[in-house]
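> below: sequence and its predicted model.
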Amino acid sequence: MSPDSNDAPLSGIRILFVDDDDDLRDAVVLSLQRYGAIVSPASNGISALELFHHLEFDVVLSDMRMPDGDGLFLADSIQKSGRRKPIFIIFSGYNDLTPEICAESGITETIEKPTTIDEIVRRMCKLIKRSSWRDSE
Amino acid sequence: MRVASLHPREEETLKDLARLELLDTGPEDEFDDITQLASCICNVPVSLISLVDRDRQWFKSAVGLNVKETSRDEAFCAHAILQEQVYEVPDASKDELFKDNPLVVGSPFIRHYAGAPIYGPEGLPIGTLCVINTQPGYLAEDQKRSLKQLSKVVTQILNLRYSKLLAERQKLRHHYASFAVQNMADGVIVQDMLGYIVAFNPVALKILGLTEEQVVSGRALVKSMPCLREDGSLFMNNQHPGVVARVTGIGQHGIVMGLPTQSGDVRWIRVTAEPVACEGSVEPTHVVTTFSDVTLEKQKQAMLIQSSKLTSLGQLAGGIAHEINTPLTTILLNTGLLRTDIRTGNSDVAAMERRIEKIENTTCRIESIIRGLSVFARDSSSDPLEPVSLHSVIEEGLAFFRERSNLRRVRLEVECDSSIMVLGVRHQVAQVIVSLVANSFDAVEGLDERWVKVFVESDHTKAKITVADSGTGIAESIVDNIMTPFFTTKEVGKAMGLGLSISRSMIEEMGGTLYYRPFHGHTAFHIELPCHFSTYKGAQDVA
């Protein structure tokens, strides 16, 4: 990573972040912002989907289990909308997202709780680098 | 022709006859000898032992006549049984009652008839010994007397036979009863009032693991055998059901006892001891103790409880991971933020303190989750009954769900007067309530309206804890099944609490009840437990 990307590796990246836990959501939003990301928070799948339809995002990062539209619902809806975006699903405890389900619903990667912001950022950077590498191809 | 009137106790008479089981049997020398003798003494060609049936007279023995029966309407004997003495018709052709009788007008052309009644076991006249001649005539006094005496002999033979018949029946019954006792699946021991064993069956020996010699010589087997109660404590010698039944005269039913075996295992039996009185005694003379081996049953039950606990523990482990990982992530994120704050020399101390506070609060969240789960962490099956404050049990048990209710957007309402005390096993009461609430949380997931209510009502003798949720009740088709072991409509790995059947048996063991009854159209389970006495007393004092 360049010194620049070390300071703000997610600089300018627009992230839709969805989690129903207020404390967690606040901490994630602040942390991602410190890495340079532009973060739009939502507390459930339905309101996230509304944001998704109105705004442009580079990455979607969502909790799995939530009332009013869980992570899978969100991924499925985005998939159906035809605007494919990288989707990260964060799960806790039992992971029922098999690779088959992920492929079917357009889920790019899963991240298990508990996790650190470094881990989230590392995984995102990896994906961004990969896609930019693809773009340059 | 005049038909004889019926005996005033006609039906009983017919029953008395039927009891002898003589009708339509073959000829027997014993009776034929008597009719031979009668015809000889009276010097007439025909003698009969005639039994008067409902519609006929039937001849057990007949000398000089080839007919087995005639209709009752024509029967001279039907008249003869109506009086005790010898009934005599000297010339039937001149007698108003008989002159147009077919047996007079036609074959066998009866003229002279004399009959003496014979009696059944109940002393009712069932027929006659009679003599018949085709010539008119009279019996001399001694002939009449002989006929009467012979009829008495017939009566005696009949009654002897009847006694024999009864004895045989009785013997057969005893035989089958003993056969049944010897071959039944339960053990049986009969003791006299001193405790000596007077009878037993092979299964009893097998279940108790004793030899015949040990039982025959042993008085009270119990003395040599330490027996366990289901809770693991020992039975005192005078607490054995057999002893209690003997001493108190009150039957002891369905008592479960554990007998340690030589291999170190415990054989569980369910015992019933019943004081019984031998014929002719008012006071009990013996105690009959029956018992069956319920070891397998107990093992299955234990396995069921254990496996339910294991599954619920496994599920809880998954649940814990899920509920705790979120606050853990919050903590990690906040420490990460603090670290960059320190590295970059952030001087906003107030913001950093808020972050530390957030970490502390989140740690408390985790702690309360774990505290709620500790309810399941210990085996309380042998805990004694004790006064339990429902308020504190519910508050403690539901700490976990308060956390969840925020997370799941489920409204959790708890209403419990802090003075209500019940008699129960604290941890088990908590486990059952937590299980029901866990079920409710699962049930309302995905509903538009999500609430769970726990409230307690008490009338000072018992307290009713209701766990209701916004679910729309349980389908009629499965209501009967929900309390049966292993019944679940949930996917494997989804159920969290103890099974309802286990919950119910726990509550019932505490002397309470657990049942389903909708609450204003919503799903609701109710637990009733006896109130602790001092609460009741206190309430009265206030009143």
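Cool, got the structure.
> against B:Phe441, how distant is the closest residue to chain A within the stretch 401-543 of chain B?
In the stretch 401-543 of chain B, no residue comes nearer to chain A than B:Arg409, which is 4.7 Å away by C-beta to the nearest C-beta. The C-beta positions use only the backbone N, C-alpha and C, and glycine is treated the same way. Using C-beta to C-beta, to the nearest Å, B:Arg409 is found at 11 Å from B:Phe441.
> mind listing what the residue of the stretch 401-543 of chain B closest to chain A touches?
By C-beta atoms under 8 Å, 6 or more residues apart in numbering or on different chains, the residues touching B:Arg409 are A:20, A:67-68, B:450.
> quick one: secondary structure of the nearest residue to B:Pro518 once chain neighbours are set aside?
Setting aside the residues directly before and after it, B:Pro518 is nearest to B:Gly473 in space (C-beta to C-beta, 6 or more residues apart in numbering or on different chains), at 4.6 Å. Three-state call for B:Gly473 (DSSP: H, G, I helix; E, B strand; the rest coil): coil.
> got it, and B:Thr25?
coil.
> pLDDT score for B:Gly484?
For residue B:484 the amino acid is Thr, not Gly. Looking at B:Thr484, its pLDDT is 54.
> ok, B:Lys99 next?
pLDDT, B:Lys99: 92.
> from chain A, how far out is the closest residue to it other than its chain neighbours?
In space, and not counting its chain neighbours, B:Lys99 is closest to B:Ser93: 5.5 Å by C-beta to C-beta, 6+ apart. As judged by C-beta to the nearest C-beta, to the nearest Å, B:Ser93 and chain A stand 112 Å apart.
> thought B:Ser93 was touching B:Asp100?
No - with contact defined as C-beta atoms under 8 Å, B:Ser93 does not count as touching B:Asp100 (9.5 Å).
> those two: who's more crowded?
Taking neighbours as other C-beta atoms under 10 Å in any protein chain shown, B:Ser93 and B:Asp100 compare with B:Ser93 leading, 15 against 12.
> tell me the pLDDT of the closest residue to B:Leu158 other than its chain neighbours.
Using C-beta to C-beta, 6+ apart and skipping the chain neighbours, the partner closest in space to B:Leu158 is B:Leu20 (5.8 Å). What the model reports as pLDDT for B:Leu20 is 92.
> go on, A:Trp133?
According to the prediction, A:Trp133 has pLDDT 43.
> then A:Arg123?
92.
> who's in contact with it?
Counted by C-beta under 8 Å, 6+ apart, A:Arg123 has contacts A:88, A:109, A:111.
> next up, phi/psi of the residue nearest to B:Pro518, please.
phi 90, psi 170 (degrees, to the nearest 10).
> ok, so what distance separates it from B:Val456?
Distance of B:Gly473 to B:Val456, given as C-beta to C-beta: 21 Å.
> same deal with B:Ser440?
From B:Ser440 to B:Val456 the distance is 16 Å (C-beta to C-beta).
> okay, these two: which has more neighbours?
Using other C-beta under 10 Å as the criterion, B:Ser440 and B:Val456 rank with B:Ser440 on top: 28 against 19.
> thought the more buried one was touching B:Val452?
Yes - assessed by C-beta under 8 Å, B:Ser440 is found in contact with B:Val452 at 4.4 Å.
> what touches both of these two?
Taking C-beta under 8 Å, 6+ apart as the contact rule, B:Ser440 and B:Val452 both touch B:467-469.
> so which strand or helix has the most centrally placed residue in chain A?
Centroid-nearest residue in chain A, with C-alpha atoms, centre = their mean: A:Leu61, separated by 1.6 Å. Element membership for A:Leu61 (DSSP states H and E) is strand A:59-63.
> residues in contact with that strand?
By C-beta under 8 Å, 6+ apart, the surrounding residues in contact with strand A:59-63 are A:13-21, A:24, A:28, A:45, A:48, A:52, A:70-71, A:74-75, A:78, A:85-92, A:120, A:124, A:127-128.
> and what of stretch B:17-32?
B:49, B:51-53, B:58, B:60-61, B:63, B:120-122, B:126-127, B:154, B:157-158, B:161-162, B:165.
> what's the next secondary structure element after whatever helix or strand B:Val414 lives in?
Using DSSP H and E, B:Val414 sits in strand B:411-415. The helix or strand immediately downstream of strand B:411-415 is strand B:421-424, counting by DSSP H and E.
> avg pLDDT for the helix or strand just after that next one?
Tracing the chain past strand B:421-424, the next element assigned as helix or strand by DSSP H and E is helix B:426-444. For helix B:426-444, mean pLDDT is 85.
> put the alpha carbons of helix B:426-444 into PDB.
Provided in PDB are the C-alpha atoms of helix B:426-444 (Å, rounded to 0.1, in the frame of the first residue of the first chain):
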ATOM      1  CA  ARG B 426     -35.600 -21.900  42.100                       C
ATOM      2  CA  HIS B 427     -33.500 -22.800  39.100                       C
ATOM      3  CA  GLN B 428     -36.100 -25.000  37.500                       C
ATOM      4  CA  VAL B 429     -38.700 -22.300  37.800                       C
ATOM      5  CA  ALA B 430     -36.300 -20.000  36.100                       C
ATOM      6  CA  GLN B 431     -35.400 -22.500  33.400                       C
ATOM      7  CA  VAL B 432     -39.100 -23.100  32.500                       C
ATOM      8  CA  ILE B 433     -39.900 -19.400  32.400                       C
ATOM      9  CA  VAL B 434     -36.800 -18.700  30.300                       C
ATOM     10  CA  SER B 435     -37.700 -21.600  28.000                       C
ATOM     11  CA  LEU B 436     -41.200 -20.300  27.400                       C
ATOM     12  CA  VAL B 437     -40.000 -16.800  26.800                       C
ATOM     13  CA  ALA B 438     -37.400 -18.100  24.400                       C
ATOM     14  CA  ASN B 439     -40.100 -19.900  22.500                       C
ATOM     15  CA  SER B 440     -42.100 -16.700  22.400                       C
ATOM     16  CA  PHE B 441     -39.200 -14.700  21.100                       C
ATOM     17  CA  ASP B 442     -38.800 -17.300  18.300                       C
ATOM     18  CA  ALA B 443     -42.500 -17.300  17.600                       C
ATOM     19  CA  VAL B 444     -42.900 -13.500  17.100                       C
END
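> by how many degrees do that helix and strand B:411-415 diverge?
For helix B:426-444 against strand B:411-415, the angle by axes from the mean of the first three to the mean of the last three C-alpha atoms, to 10 degrees is 150 degrees.
> what's helix B:426-444 packed up against?
strand B:386-389, helix B:390-397, helix B:399-408, strand B:451-458, strand B:462-469, helix B:500-509, strand B:524-530 (3 or more C-beta pairs under 8 Å, 6 or more residues apart in numbering or on different chains; DSSP states H and E).
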